[in-house]
Structures are given as C-alpha cells and as structure tokens.
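S.K.: I would like to see how this sequence folds:
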Amino acid sequence: MKKIRTNLSKSLYLKGLQCHKSLWLMKTQPELRHIDTHRNALFEEGILIGKMAHSLYPGGRHIDQEASAFPHRLALTEALLKDPACPTLFEATFQYQNTLIMVDILHKTPEGMELIEVKSSTSEKAIFIDDLSLQYYVLTGLTIPIKNVFLMHINAHYVRKAQLKLSKLFKKSALTDKVSQNQNKVHTQINAMRNSLQNAQEPLFFQNSLENIDIGTHCFHPYNCDFMPHCWKHIPPHSVFNLTGLPIESKFELYKKGHTLIQDIPDSHLLSESSQVQKKAESESPLINKPAIQDFLKTLHYPLYFMDFEAFQKAIPPYPGVRPYQQIPFQFSIHYLNSPFDTLSHKEFLADPKKDPRYEFARALVKHIPQTACVLTYDSGYEKSVVKQLAETFPKLSTHLMAIHANIIDLMIPFQKHYYYTQEMKGSCSIKAILPALVPELTYTNLHIPNGEMASKSYSRLAHLKDPKEIQTIRQDLLDYCRLDTFAMVKIVEVLIKESQ
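M.R.: Prediction:
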C-alpha cells in the first residue's frame, strides 16, 4: 500500500480529534465520505460571514485572493507580516512541522498580533478552542508574537435596525488563556495522529488508549462523522439505536454487550415505557392504543384546518426588526374541512422572494384561517413560535394570530406517545417516518423538493433568478412540497379515525 502522507491541516487535525479512524479514512479513502448537505450549507454561510467580518478591519490584505498556490501564499504572508503598510492579513497562511493553517484574521497591534477566528455560531464551543489552539501552536512555533486570541461570533441578541451594523452583529470573546493552556494537548495529539497515519490498515486503537475504534458517541460529537455510512454499515435497520427514551450511552452499553437488535435486549434490562413499546412492536406490529387515539381525536373540532409553514433563517438578519437565525416564514399550505361531511379544500401562500415576506404571510394567514378553527400542525412548536413572533411584530393582526396560536393542536402527539406504533417507524415520530408506515402510497421521493432544508434553499435562489420559466418551475416545486405536508396530515388523521373504531 502506498505510504500515507502525515501532513496535517486545521480541518484534518479537528477530524483527528474526533476519531483517528476518520482521519485515516480521510487520508486514504476519501471516496467513502458522505457529504452532509446541511453542513455544506453552513460552511458556505460561514465563508460569507467571514468576508463580512473582514470589513471591520479596513486596509487588510486578502492572501487567498492574491495568491492561489500554497507556496505563493506562504511567501506572500511572510512578506506582508514585515510590511508596516499592511495592518491586517486575511487568510494568512503558515506551515510549521508539516502542519498547514490559514488564519481568518491576523491583526497587527503595537503590543503584538491579534489572532481572530470568525464563526457563524452564537456562542463559544470546545471545538473552536481546539481550532484556535492549533493556530496558536503553529504561530508560536514560528516565533510569531501573539498578544491576544479572539473568537469572533454572532451576537444572538442583536436586532437589526434599518441599516445592518456589523460592529453590533459580531461579538469578540477573549480565549488567550484557554488556548495557551491547551498547547500540550495540541503537541500530544499531533504526534498521536501521525502515528495513526503510519498504519497500513485502518488504525486499531483509539487515540492513546487500548480501546478498539468501534462506533461510539464520538461518531456524533462535535459533528456527525462523514464516514458513518462506512463505519455503521454492520448495524441493522431495527437496532437498539432506534430506541427512544434511552440515553445514547445506554444504547452503546447494550451494543457492546452484543445486544444490537431490539429483540435481543434481555427482559431483565430496564427500559423506558416508549422503549418497551418499541421492543414489543418487533414481534407484534402495529401497536394501537384505541382509547388513547379516541381521546386525542376528541380534542379536534370543526372547522378543522391542517397547516404547515416553510421558513428560512440567516445568521445575518436580512430585514429590519430581525435577529440572527430568526425564523422568517415565506410559505404556507392549508387543507381544511368545515364539517365531517365537507369536501376537502386547499389554500396556499408563497411570498415574493425579493422583499420581507412576513407581513404578507401574516395577512394571508388571518385571511384564510378563522379565529374559531381547530388548527392541526405536525410538531407544533415550530409553527407556534412563528405565529407568536408574527403577532408581536404586527400588533394590528395580533388578536387573530394569537387566536390561531391558541387553537393549534400537535398531530405528532399520538405518535410521540406511541398511541400508534409500527416497527417501520424505527423509533422516529417525524412525519417523514410516519407517512410511509401509515400511508405508503404518498411519498416525498418523487418531489423535486423533498425536504424543508431544500425548500428554504430553493426559495433563497428565487431572488437571484431571471429566467421566468425557471422561476415558475421552482415556485411550483415549492408549492407541491408544502401541499403534500398538509395533505399527508389529512390522510394520517383518516387512518387514526379508522384505527380508533
């Protein structure tokens, strides 16, 4: 087998901190990676946020824009460090002991350099300290004087006025002490990672312990590992990892004892009530609690409205009165019945992507939903939060909106509480898991937009498109997706009514 290069970068180092096997696979079999689209979207937004943070340091030089090849970037960084006319470097590039880093912002002060890492998060996280610790290790190894280390992140309490103020959008947290105290760990970890990379086969040991690198809680922290499909391929569909009401540590305890399948769990093992239901369903499915379903159905009344929202959120508030990561609703679908004998009707709304959609969304909502209606949503916390925010933002619509808010009932409850459960649900009570189990003829797989994340991304694209045909296609795809969400709820209620009798 070809010898593995043991050079490291910041991203490889952080991957190695999570799991040496993941690092080894990244170096040797990157084709096994599963690219997480959500993580990619966050990464793209992070790049945009980093560029916006640069504007807080006028006169800075962009190493990545002025040089493409790494040897050129290294040389340019070295030259600009000595240039008194250059106060700040963006993406300054350094290499020390075969470890390559690029620094978001390196700002010169009379007392020394400020090392600044920009993140789209609203708070400090352990992985950010590890990130900065490696940068500090490389810079101090090159004898570059670092006076202060900062994490620049989003201020969650900032509310945009008419103009966006970056000085208030971003917060700086001083991490110099934490990073400097972390240097022994960085040195030890780099050596351990390089030792793991010497292996011709997947490493047998996890970091410095004698524990085999099997699946474990490290697969999820700080992020879901890119190589989970490879490392988890031996786990069957109906495994202990589908159990609800059981801590992840307890699931791994069962797994390590050889109890991988739910039906393998010994009767002596104490399980939560929901986990007991799941275990029972492995031999007896479906499990239907008719009295509980009947009690739930009694909470519904006519007119009965099935409601679903789509929304987007941005780290950088796009409109006045908006906070970072606030949900901005742009679309809804409503199916409704005025009586048990009524023909099913449908209303929908999709906002203009080139302006703040909230007022038109709120106005359409109160137009189409009576204050006396029983409103069914799936996982209601999301819709209730959006409606409440709209009521606070638009006082003239507040009474009607809060009446809708008060009348919302969560259709997830019968499945969350296992009034109706089949093994096909695999422990999940999301509508994407419930629908195939109860109404298999309805599916999201044939839609061009199959999930909310893609709906949000597609809506954002609309604002930049010029081709009328493409615009119309995406709008129709958005309407189709949201409509299926509410129609799915209609069919799920029909199944509950039937099974309760």
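
S.K.: SS state for the closest residue to residue 350 other than its chain neighbours?
M.R.: Leaving aside its sequence neighbours, residue 350 sits nearest to residue 331 (Cβ to Cβ, 6 or more residues apart in numbering; 4.8 Å). To be clear about C-beta, it is placed using only N, CA and C from the backbone, and glycine gets the same treatment. Here residue 331 is strand, with the state taken from DSSP: H, G, I helix; E, B strand; the rest coil.

S.K.: Can you show me the helices along the stretch 101-250 of the chain?
M.R.: Secondary structure of the stretch 101-250 of the chain (DSSP state H, counting those that start in this stretch): helices at 126-141, 166-169, 176-180, 183-197, 228-231, 248-256.

S.K.: could I get those helices as CSV with mean neighbour count, distance to residue 51 and mean pLDDT?
M.R.: Output for the helices of the stretch 101-250 of the chain, formatted as CSV (neighbours: other Cβ atoms under 10 Å; distance: least, Cβ to Cβ, whole Å; pLDDT from 0 to 100):
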stretch, mean neighbour count, distance to residue 51, mean pLDDT
helix 126-141, 20, 18, 98
helix 166-169, 13, 11, 96
helix 176-180, 17, 24, 98
helix 183-197, 17, 28, 94
helix 228-231, 16, 31, 93
helix 248-256, 16, 37, 92
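
S.K.: now the ones you listed as TSV including distance to residue 400?
M.R.: Shown next, in TSV, are those (distance: least, Cβ to Cβ, whole Å):
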stretch	distance to residue 400
helix 126-141	44
helix 166-169	33
helix 176-180	50
helix 183-197	57
helix 228-231	46
helix 248-256	43
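
S.K.: now for the ones you listed, which one comes closest to residue 350?
M.R.: When those are compared by Cβ to Cβ, helix 166-169 sits nearest residue 350, at 29.0 Å.

S.K.: CA atoms only for the closest one - export them in PDB, please.
M.R.: C-alpha atoms of helix 166-169 as PDB (Å, rounded to 0.1, in the frame of the first residue of the first chain):
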ATOM      1  CA  LEU A 166     -21.500  44.800  11.800                       C
ATOM      2  CA  SER A 167     -19.900  46.100  14.900                       C
ATOM      3  CA  LYS A 168     -23.000  45.100  16.800                       C
ATOM      4  CA  LEU A 169     -23.700  41.900  14.800                       C
END
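
S.K.: that older thread, closest to residue 13 out of the helices of the stretch 101-250 of the chain?
M.R.: Proximity to residue 13 (Cβ to Cβ) singles out helix 126-141 among the helices of the stretch 101-250 of the chain, at 5.2 Å.

S.K.: Could you name the helices and strands sitting against that closest one?
M.R.: Where contact means 3 or more Cβ pairs under 8 Å, 6 or more residues apart in numbering; DSSP states H and E, helix 126-141 is packed against helix 10-18, strand 88-96, strand 99-109, strand 112-118, strand 146-154, helix 176-180, helix 183-197.

S.K.: so what secondary structure elements neighbour the first one?
M.R.: Put plainly, it is helix 10-18. Where contact means 3+ Cβ pairs under 8 Å, 6+ apart, helix 10-18 is packed against helix 20-28, strand 99-109, helix 126-141, helix 183-197.

S.K.: and with 10 Å instead?
M.R.: Using 3 or more Cβ pairs under 10 Å, 6 or more residues apart in numbering; DSSP states H and E, the elements in contact with helix 10-18 are strand 8-9, helix 20-28, strand 99-109, helix 126-141, helix 183-197.

S.K.: Dump those to TSV, plus distance to residue 54.
M.R.: Shown next, in TSV, are the helices and strands packed on helix 10-18 (distance: least, Cβ to Cβ, whole Å):
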stretch	distance to residue 54
strand 8-9	21
helix 20-28	29
strand 99-109	7
helix 126-141	17
helix 183-197	26
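
S.K.: circling back to that earlier point, if I look at the residue nearest to residue 350, how far off is residue 479?
M.R.: Applying Cβ to Cβ, to the nearest Å, the value for residue 331 to residue 479 is 8 Å.

S.K.: Compare the helices of the stretch 101-250 of the chain and give me the one nearest residue 441.
M.R.: Shortest distance between residue 441 and these, using Cβ to Cβ, is found for helix 228-231: 28.7 Å.

S.K.: now the closest one: how far from the chain's centre is it?
M.R.: Here helix 228-231 shows a centroid-to-chain-centroid distance of 19 Å under the convention Cα atoms, centre = their mean, to the nearest Å.

S.K.: same question, stretch 239-250
M.R.: From the chain centre to the centre of stretch 239-250 is a distance of 21 Å (Cα atoms, centre = their mean).

S.K.: end-to-end on that stretch?
M.R.: The first residue of stretch 239-250 is 13 Å away from its last residue (Cα to Cα, to the nearest Å).

S.K.: what comes up buried for it?
M.R.: 239-244, 246, 250 (16 or more other Cβ atoms under 10 Å).

S.K.: Check these against residue 295 and report the nearest one.
M.R.: Nearest to residue 295 among the buried residues of stretch 239-250, with distances taken as Cβ to Cβ, is residue 244, at 21.2 Å.

S.K.: want to throw the helices and strands packed on helix 126-141 into a markdown table with distance to residue 264?
M.R.: Converted to a markdown table, those look like this (distance: least, Cβ to Cβ, whole Å):
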| stretch | distance to residue 264 |
| --- | --- |
| helix 10-18 | 29 |
| strand 88-96 | 50 |
| strand 99-109 | 45 |
| strand 112-118 | 46 |
| strand 146-154 | 45 |
| helix 176-180 | 44 |
| helix 183-197 | 33 |
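
S.K.: domain parsing for this protein?
M.R.: Domain ranges of the chain: 8-190, 235-274, 285-501, per automatic domain parsing.

S.K.: quick one: terminal-to-terminal distance for the longest one?
M.R.: Distance between the boundary residues of domain 285-501 (Cα to Cα) amounts to 18 Å.

S.K.: go on, the shortest one?
M.R.: Separation of the first and last residues of domain 235-274 by Cα to Cα is 21 Å.

S.K.: where's it relative to the chain centroid, distance-wise?
M.R.: 26 Å.

S.K.: and what of the longest one?
M.R.: Averaged C-alpha coordinates place domain 285-501 at 20 Å from its chain's average position (Cα atoms, centre = their mean).

S.K.: Now residue 283: closest residue in space that isn't a chain neighbour?
M.R.: Sequence neighbours aside, residue 263 is the residue nearest to residue 283 in space, at 6.7 Å (criterion: Cβ to Cβ, 6+ apart).

S.K.: what about residue 298, how many residues close to it?
M.R.: Number of residues near residue 298 (other Cβ atoms under 10 Å) recorded here: 9.

S.K.: Likewise for the one 5 residues further on?
M.R.: When neighbours are counted by other Cβ under 10 Å, residue 303 registers 15.
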